[in-house]
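K.L.:
Fold the stuff below for me.
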Amino acid sequence: MNSDELRKYRSEVEAEIRTNILPFWANKVPDEENGGFYGLILNDLTIEPSAPKGSVLCSRILWTFACSYSVFGDKLYLDNARRAYQYLVDYFVDKKFGGVYWKIDHKGSPLEMKKQIYAQAFAVYALAEFYHAARSDEALQLAKDIFNLIEKFGFEKQHGGYYDACNRDWSLAEDMRLGKGDMNAPKTMNTNLHILEAYTNFLRYWKNQDLSGQLENLIKTVVKYIVDPSSYHFKLFFDKNWKELSDIISYGHDIEGSWLLVEAAEVLGGESLLKDIKKLAITMADVTYKQGLAPDGGLWYEGNPKGVIHFNSDWWPQAEAMIGFLNAYQISGEERFLQASLNSWDFVKKYIIDKRYGEWIWAVDSNRNTNQQLEKVGLWKCPYHNARACIEVRERLGHILSS
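P.N.:
Numbering: from 1, shown residues only. A predicted model of the protein is given here:
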């Protein structure tokens, strides 16, 4: 692949985030009547003004605009980051017990007050980024407070890793599921991976020994218990002792985790650990390349040891494939990974970018038909995966081209 192709790829992703993704969230999603951002907008842009609002969506919007401001310097992005930050503080932060609620109603009253550790992690992730963008000491302190609560109540000291959920008062919850379709398991890949992601970002801006120690522990825990040593897929659900409870494979999480582990090891420092993690990342990317990719470059959604079982191609695995395969190329120099990253972007352009309504659609099926029933904005449909993919690819290609 020549430098002109790489420059074209880089310019296209920058144009995508700046002329499609960020304008959509800045112009169509703010809730001018009740504050913050709408909790639900359908694919055809029908707004559901009374829909609940989730802390994860708010945190992801906060991270997206804060990071975009740091990268591009547009004050509009900082203004939207401030909007998300203030709403998070005013309505999602539990003033009595600390941490953030899972869900509130459209006027800001709590609906689900339990403390999903996943949601606490995204709050830390976003608050750290906002601190960096706005130099907000208040945001830094709130991130520290939530980090301490995660460590006090969410960390499982005997076997390592983190529980999935606590009640409002931080006692362990009986129902730990993130969603109705999930298994009710004490520990999950999803929560532990995103704590790793949050702690990595936090450590960039807060050089703290306890934080770095827990990040190192978590990297090693993921490698020891969550990565399957025979298949190099992530295991998804576990009991307290890390006994596997499911054989489902998430191709999107595999490729996402491959680059998040490298990022964590890089921020943490230490040549030996980073060398081992890079080797693991290449193997995980190779497995995803061989088992999870469709002939047209899309990434399938789920599989099991026998093969693909869920043939949708959702928006977020495509975004993570763009980064994950590019990361594998940067480490290995293997051209196939660079081409896979570009193929993922081509797939996004052809099937995922919504040229009629803006932003990205949720998913296409195996015949590449759009599922029009899935929302454009919701508790899980957010700007974080696709905005981050555009930023990461832009930055990484910039380094590749300059060298």
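
K.L.:
Against R177, how distant is L218?
P.N.:
Distance, L218 to R177, using CB to CB, to the nearest Å: 22 Å. From N, CA and C alone the C-beta is placed, and that goes for glycine too.

K.L.:
all helices for the stretch 151-300 of the chain, in order.
P.N.:
189-205, 209-221, 251-268, 271-291 (DSSP state H, counting those that start in this stretch).

K.L.:
What is the strand or helix carrying F325 packed up against?
P.N.:
Using DSSP states H and E, F325 falls within helix 315-332. Under the contact criterion of 3 or more CB pairs under 8 Å, 6 or more residues apart in numbering; DSSP states H and E, helix 315-332 touches helix 251-268, helix 271-291, helix 335-347, helix 384-402.

K.L.:
between those helices, which one is nearest to R356?
P.N.:
Comparing the helices and strands packed on helix 315-332 by their distance to R356 (CB to CB), the top pick is helix 384-402, with 16.8 Å.

K.L.:
angle of the closest one against helix 251-268?
P.N.:
60 degrees (axes from the mean of the first three to the mean of the last three CA atoms, to 10 degrees).

K.L.:
mean confidence score for helix 384-402?
P.N.:
What helix 384-402 shows for mean pLDDT is 98.

K.L.:
ok, back up a step: what about L218 and R177, which has more around it?
P.N.:
A count of neighbours by other CB atoms under 10 Å puts L218 above the other of L218 and R177, at 23 against 15.

K.L.:
any idea how far the more buried one is from Y199?
P.N.:
Going from L218 to Y199 by CB to CB gives 7 Å.

K.L.:
intersection of neighbour lists for the two?
P.N.:
By CB atoms under 8 Å, 6 or more residues apart in numbering, L218 and Y199 have these common neighbours: A264.

K.L.:
Compute the number of surrounding residues for the residue nearest to L293 when sequence neighbours are not counted.
P.N.:
Of all residues not flanking L293 in the chain, L299 sits nearest, at 6.1 Å (CB to CB, 6 or more residues apart in numbering). Per other CB under 10 Å, the neighbour tally for L299 reads 28.

K.L.:
Pull the contacting residues for L299.
P.N.:
Shown in contact with L299 (CB under 8 Å, 6+ apart): 251-252, 255, 288, 292-293, 313, 317-318, 320-321, 344.

K.L.:
Swap in 6 Å and give it another go.
P.N.:
Going by CB atoms under 6 Å, 6 or more residues apart in numbering, L299 touches 251, 292, 317-318, 321.

K.L.:
Check E256 too.
P.N.:
E320.

K.L.:
returning to that earlier point: quick one: closest of the helices of the stretch 151-300 of the chain to K355.
P.N.:
In terms of CB to CB, the element of these nearest to K355 is helix 251-268, at 23.1 Å.

K.L.:
now the angle from that closest one to helix 315-332?
P.N.:
Using the same axes, to 10 degrees: helix 251-268 against helix 315-332 is 50 degrees.

K.L.:
Buried ones in helix 251-268, by neighbour count?
P.N.:
The neighbour-count check on helix 251-268 (16 or more other CB atoms under 10 Å) flags 251-265, 267-268 as buried.

K.L.:
ok so, going back, reformat the helices of the stretch 151-300 of the chain into a markdown table and put distance to P305 and mean pLDDT next to each item.
P.N.:
Shown next, in a markdown table, are those (distance: least, CB to CB, whole Å; pLDDT from 0 to 100):
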| stretch | distance to P305 | mean pLDDT |
| --- | --- | --- |
| helix 189-205 | 16 | 98 |
| helix 209-221 | 23 | 98 |
| helix 251-268 | 13 | 98 |
| helix 271-291 | 10 | 98 |
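
K.L.:
will you turn these into a markdown table that also has distance to A51?
P.N.:
Output for these, formatted as a markdown table (distance: least, CB to CB, whole Å):
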| stretch | distance to A51 |
| --- | --- |
| helix 189-205 | 23 |
| helix 209-221 | 34 |
| helix 251-268 | 25 |
| helix 271-291 | 34 |
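
K.L.:
out of those helices, which comes closest to Y162?
P.N.:
With CB to CB as the criterion, Y162 lies closest to helix 189-205 of the helices of the stretch 151-300 of the chain, at 5.5 Å.

K.L.:
who does the closest one touch, helix- and strand-wise?
P.N.:
Counting contacts by 3 or more CB pairs under 6 Å, 6 or more residues apart in numbering; DSSP states H and E, helix 189-205 packs against helix 117-134, helix 209-221, helix 251-268.

K.L.:
change it to 10 Å
P.N.:
helix 55-72, helix 117-134, helix 137-149, helix 209-221, strand 237-238, helix 251-268 (3 or more CB pairs under 10 Å, 6 or more residues apart in numbering; DSSP states H and E).

K.L.:
Y87 reaches N34, doesn't it?
P.N.:
Yes: between Y87 and N34 there is a contact under CB atoms under 10 Å: 9.4 Å.

K.L.:
higher neighbour count, these two?
P.N.:
A count of neighbours by other CB under 10 Å puts Y87 above the other of Y87 and N34, at 23 against 17.

K.L.:
what number of residues lie near the residue nearest to the more buried one when sequence neighbours are not counted?
P.N.:
Of all residues beyond its chain neighbours, the one nearest Y87 is G36 (3.5 Å), with distances taken as CB to CB, 6+ apart. Number of residues near G36 (other CB under 10 Å) recorded here: 24.
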